[in-house]
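J.: next comes the sequence, and after it the predicted model I'd like to discuss.
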Amino acid sequence: MAYNRPGRNRGRLRIIGGRYRGRRLPIPAQPGLRPTADRVRETLFNWLQPVIAGSRCLDLFAGSGALAFEAASRGAAEVLMIERSEPVTRVLAANVRLLGATQVRVRRADALRWLAGGGEPFDLVFLDPPFHENLLAPSCTLLSERGWLAAGALVYLEAPAGRALPELPRDWILMREKRAGQVRFALAATP
């Protein structure tokens, strides 16, 4: 759900590129909710520019929806947001309606339980879980083992800058890694 320190919630999310560029969306009123920073999103979506159009995307810990809405804005064919908080899910669904983003779906679920069920493959997965919950490693394992990744899928990972990324499944390749402020972020390729 992408939570961090209290006080970081500025109340609005700005989409920085694509069809919905410049649109501002309300951020769910949740202590510590932090959208991925503009400069991190700009770098990430520069990395993803060659593959985002027409892709199927999964935002596993949706929180503010920053990554999902940015992907939809930049041409993703389908975007699924998973979020466990009912109040946050309601705001995300309202934002989908506000944008008229018919390619975006919101589902209320616990991410790890949902992943354990196995499912349909995605081309791109965003993993920006609440930093204090150490959910990156188990999420990567379930994505890899339960059929959630299309051939050659890309997985975005975000963690606190002071913490190393978890060990990735052995057949994944870390393509890029960067730090910005309080955040370490990376992009991994899967077979």
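T.: Now that the structure is in, tell me what you want to look at.

J.: please enumerate residues in contact with the top strand by length along the chain?
T.: Counting residues, the longest strand in the chain under DSSP state E turns out to be strand 149-160. Here strand 149-160 makes contact (CB atoms under 8 Å, 6 or more residues apart in numbering) with 2, 36, 40, 44, 48, 51, 56, 67, 121-128, 131, 136, 140, 143, 165, 172, 175, 182-191. Every residue, glycine included, has its C-beta placed from N, CA and C.

J.: mind listing what's buried along stretch 93-107?
T.: Buried residues in stretch 93-107, counted by 16 or more other CB atoms under 10 Å: Ala93, Asn95, Val96, Leu99, Ala101, Val104, Val106.

J.: how far away is the residue nearest the centre of the chain from Ile27?
T.: Centroid-nearest residue in the chain: Phe126, 3.3 Å away (criterion: CA atoms, centre = their mean). Distance, Phe126 to Ile27, using CB to CB, to the nearest Å: 17 Å.

J.: following the chain onward from the longest strand of the chain, which element is next?
T.: strand 173-180 (DSSP states H and E).

J.: report all helices and strands that that next one contacts.
T.: helix 38-48, strand 183-189 (3 or more CB pairs under 8 Å, 6 or more residues apart in numbering; DSSP states H and E).

J.: is it possible to get TSV of those that adds mean neighbour count and distance to Ala62?
T.: TSV is the format used below for those (neighbours: other CB atoms under 10 Å; distance: least, CB to CB, whole Å):
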stretch	mean neighbour count	distance to Ala62
helix 38-48	17	14
strand 183-189	19	17
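
J.: could you point out the longest helix in this protein?
T.: Criterion DSSP state H: the longest helix present in the chain is helix 86-99.

J.: what's that helix in contact with?
T.: Taking CB under 8 Å, 6+ apart as the rule, helix 86-99 contacts 1, 20, 23, 25-30, 33, 62-63, 65, 69, 72, 81, 83, 104-108.

J.: narrow these to those in helices?
T.: Per DSSP H, these map to helices at Phe69, Ala72.

J.: so of the contacts of helix 86-99, which ones are in strands?
T.: Using DSSP E, the contacts of helix 86-99 in strands are Leu25, Pro26, Met81, Glu83, Val104, Arg105, Val106, Arg107, Arg108.

J.: list the buried residues in the helix or strand bottoming out on mean pLDDT in the chain.
T.: Across the helices and strands of the chain, mean confidence by mean pLDDT, DSSP states H and E is lowest for strand 12-14: a mean of 93. Within strand 12-14, the residues that qualify as buried are Leu13, Arg14, counting by 16+ other CB under 10 Å.

J.: offset the numbering so it begins at 4, please.
T.: New numbering, starting at 4: the last item is strand 15-17.

J.: coming back round to it: check which helix or strand the residue nearest to the centre of the chain maps to.
T.: Using DSSP H and E, the element containing Phe129 is strand 125-130.
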